[in-house]
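Visitor: starting from these lines, generate the structure:
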Amino acid sequence: MAIDTTALVIGGGATGAGVARDLALRGCDVTLVDRGGLADGTSGRSHGLLHSGARYAEADEVGAEECIAENRTLRDIAGAAVADTGGLFVQLAEDDPDYFDAKRDACEAIGIPVEVVDGDEARAAVPELSEGVERAMRVPDAVVSPSRLVAANARDAADRGAAVHYGSPVEGIRVDDGEVTGVAVGGALDETVRPEVVVNATGAWAGELAAMAGVSVEMRPTRGLMVSVDYPGLGTVLNRSREPGDGDIVVPHEREAVLGTTSVAVDDPDDYERADWERERVREACAAMCPALSDATHVREWWGVRPLYEPDEADRGGRGISRGFFLLDGADEGVGNFLSVVGGKLTTYRSMAEATADAVCERLGVDEPCRTAETGLPGADDPAALDEFVADLGGPGPSDSDTVGR
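Guide: Residues are numbered from 1 along each chain as shown. Presented below is the predicted three-dimensional model:
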């Protein structure tokens, strides 16, 4: 028997769960489906950084402004899903001091709090920091638990009437007279869903999903490796103050430090090479900032696939510093009730979801404002409750499997 729904959101990562929550808060009838566990794709395979915006400040003012705004919002609404670690951008002797100065100036102009300290002060904060660190810049980076964040969004959506189905892959999309009229969903749901509006929030898989509806979404997925080592004493995020490159970030967890990352284009986000050189390069590059990481015991590793939008990547000439998002209307190709949201980053998932929900509500004639920035997530102040949500929705992804439920 077919399921009728007002909005079908496909993809249960941070953005998809955020869209479902936003629409449910506005009183919409929502169904959310994902082929695996929630946060099973890109969201649960990140390094878990909650950006301050400093990483983008000198190259993407708008993106940096969005990051610092969402950073503050998530600290307010997400509670125990966020750890307030702070961050350091460190300049090594071989790094261009002009790049550091440009980043500091841009942060100050945007309103991102920064404090420049010399190498000795930086080493007082992180005792095993390299002697080659000449100066550093404190910024309000933090660490977010993707599994907790996604699960809390999905739980809030469900508590407000949304139907949430994981382990339920989309197997086909029927289009009649320029509208999606049916979506065949297999797995645990095993039903046809008849939506008024479809939101494609499948990240790196957005092109494949869109093709089922006869819509083209050009993606350029890139893989990135994260290596987690036994290193409980870091305490703060470390960023290398240089043009983006492999191994330029270290993210602290409770007992581990996550070293990242690489950027290699892949043809298939489900089937790609895992290369030894990535492990070696990430470890070596991160150890330049903190030499003790060179010998720290390897605990685990994972690759994630970034949902990069091909036209944006082409405009920037490949690996760049911007990570904006794009809302694509299937009406441009004759499918009027099919929207795709692509690009972006975990930090800005809520604003991506807001923009997408605004577009859905415009089509539906729903005149309700977004309330996700002011409404706290359920269980936000109770880590055990958040971890129960995660367990109920498929378990944690590799990004935070060392901390969630422990």
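
Visitor: give me the low-pLDDT residue ranges for the chain?
Guide: Applying pLDDT under 70 to the chain picks out residues 313-323.

Visitor: quick one: the helices in it?
Guide: Read by DSSP state H, the chain holds these helices, from start to end of the chain: 14-25, 61-77, 97-110, 119-125, 146-159, 206-212, 276-289, 310-316, 349-364, 383-392.

Visitor: which strands and helices sit next to the second one?
Guide: Helix 61-77 makes packing contacts with helix 97-110, strand 142-144, helix 349-364 when contacts are defined by 3 or more CB pairs under 8 Å, 6 or more residues apart in numbering; DSSP states H and E. Glycine gets a C-beta too; all of them are placed from N, C-alpha and C.

Visitor: if you compare these, which one is most tucked away?
Guide: With neighbours taken as mean count of other CB atoms under 10 Å, the helices and strands packed on helix 61-77 reach their highest mean count in strand 142-144, at a mean of 25.

Visitor: I'd say residue 160 and residue 23 touch.
Guide: No - under the criterion of CB atoms under 8 Å, residue 160 is not in contact with residue 23, lying 9.2 Å apart.

Visitor: quick one, which of the two is more surrounded?
Guide: Looking at residue 160 and residue 23 with other CB atoms under 10 Å, you find the greater number of neighbours at residue 23, namely 31 against 17.

Visitor: got the contact list for the more buried one?
Guide: Taking CB atoms under 8 Å, 6 or more residues apart in numbering as the definition of contact, the neighbours of residue 23 are 7, 9, 30, 157, 162, 357, 360-361.

Visitor: out of those residues, who's nearest residue 202?
Guide: When the contacts of residue 23 are compared for distance to residue 202, the smallest value, 9.9 Å, is given by residue 9; criterion: CB to CB.

Visitor: of the contacts of residue 23, which is the nearest to residue 331?
Guide: Here the nearest of the contacts of residue 23 to residue 331, counting by CB to CB, is residue 360; it sits at 13.0 Å.

Visitor: so what's that closest one up against?
Guide: Here residue 360 is in contact with 7, 19, 23, 28, 197, 199, 339, 366 (CB under 8 Å, 6+ apart).

Visitor: residues in contact with residue 64?
Guide: If you count contacts by CB under 8 Å, 6+ apart, then residue 64 has 53-57, 106-107, 110, 112 around it.

Visitor: so residue 187 makes contact with residue 37?
Guide: No - with contact defined as CB under 8 Å, residue 187 and residue 37 do not form a contacting pair (11.5 Å).

Visitor: now do the shared contacts for the two.
Guide: The overlap between the contact sets of residue 187 and residue 37 (CB under 8 Å, 6+ apart) consists of residue 167.

Visitor: tell me which of the two has more neighbours.
Guide: With other CB under 10 Å as the criterion, residue 187 and residue 37 differ in neighbour count, and residue 37 comes out ahead with 20 against 16.

Visitor: what residues does the more buried one make contact with?
Guide: The neighbourhood of residue 37, defined by CB under 8 Å, 6+ apart, consists of 12, 44, 166-167, 393-395, 397.

Visitor: mind running it again at 6 Å?
Guide: Contact analysis of residue 37 by CB atoms under 6 Å, 6 or more residues apart in numbering lists 166, 394-395.

Visitor: of the helices of the chain, flag the one that's most buried.
Guide: Stretch with highest mean neighbour count among these: helix 14-25 (a mean of 30; mean count of other CB under 10 Å).

Visitor: now do it: distance to the chain's middle.
Guide: Per CA atoms, centre = their mean, to the nearest Å, the displacement of helix 14-25 from the mean C-alpha position of its chain is 14 Å.

Visitor: just stretch 393-406 next, same as before
Guide: In terms of CA atoms, centre = their mean, the centre of stretch 393-406 is set 15 Å apart from its chain centre.

Visitor: among the contacts of residue 360, who's most crowded?
Guide: Counting by other CB under 10 Å, residue 19 has the largest number of neighbours within these, with 33 neighbours.

Visitor: name all residues that make contact with the closest residue in space to it that isn't next to it in sequence.
Guide: The shortest distance from residue 19 to any residue other than its chain neighbours is 4.5 Å, reached at residue 353 (CB to CB, 6 or more residues apart in numbering). Residues near residue 353 by CB under 6 Å, 6+ apart: 15, 18-19, 22.
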